[in-house]
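Engineer: what's the 3D shape of this:
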Amino acid sequence: MLKNIEQLLNILRESNTDETVIVESIAKQVRLLFQIKELIINATPINISRMLGVKEYTISKLVAYTSKYTLEELTNILYKLSDVDVNFKVYGSDKSKELEMFFLSLWQVIYTYKLFVV
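Structural biologist: Prediction:
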């Protein structure tokens, strides 16, 4: 897993994409997963698609991923992304280092949660 994080960070660095854009893109996807996870209990993918204004194909693909995360995990990830965004914009933190720390903390949150839930 840590090796995958290193590979991902290298790919992101080589793409020269601004770290703020990366964090915003990840946050958008995690928010969408969170919304789908909450809505799937009482709605069909077609209805969720209409409610969120997202294509049905996208919703149907993301529904499978919602089973891999709990609402608590998704909430924690969103809070961490918010912290990273604030550190970028308010405190002027080193974006590359913040992104690296985010991915490491993300791994820790998911790993720790799976360790204690299983």
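Engineer: C-alpha only now, for contacts and for neighbours.
Structural biologist: Will do.
Engineer: Phi and psi next, for residue 34.
Structural biologist: Taking degrees, to the nearest 10, you get phi -60, psi -50 for the backbone angles of residue 34.
Engineer: whoops, I mixed them up, residue 92
Structural biologist: phi 60, psi 30.
Engineer: ok, which stretches of the protein are helices?
Structural biologist: Here the chain has its helices, by DSSP state H, at 2-15, 19-39, 45-52, 56-66, 71-89, 95-117.
Engineer: which residues does the residue nearest the centre of the chain contact?
Structural biologist: By C-alpha atoms, centre = their mean, the mean C-alpha position of the chain lies nearest to residue 30, the distance being 3.8 Å. Listed by C-alpha atoms under 8 Å, 6 or more residues apart in numbering, the contact set of residue 30 reads 74, 77-78.
Engineer: Mean pLDDT for the helices of the chain - can I get that in a markdown table?
Structural biologist: Converted to a markdown table, the helices of the chain look like this (pLDDT from 0 to 100):
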| stretch | mean pLDDT |
| --- | --- |
| helix 2-15 | 78 |
| helix 19-39 | 94 |
| helix 45-52 | 96 |
| helix 56-66 | 92 |
| helix 71-89 | 93 |
| helix 95-117 | 75 |
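Engineer: Excluding chain neighbours, what is closest to residue 49?
Structural biologist: When the adjacent residues along the chain are set aside, residue 49 lies closest to residue 56, with 5.1 Å between them (C-alpha to C-alpha, 6 or more residues apart in numbering).
Engineer: What count of nearby residues applies to the one you found?
Structural biologist: Taking other C-alpha atoms under 10 Å as the neighbour definition, residue 56 ends up with a count of 16.
Engineer: How much space separates it from residue 89?
Structural biologist: Spatial separation of residue 56 from residue 89 under the definition C-alpha to C-alpha, to the nearest Å is 34 Å.
Engineer: same question, residue 44
Structural biologist: In this structure, residue 44 and residue 89 are 38 Å apart, going by C-alpha to C-alpha.
Engineer: Between those two, which has more neighbouring residues?
Structural biologist: Shown here are residue 44 and residue 89; by other C-alpha under 10 Å, residue 44 has more neighbours (14 against 11).
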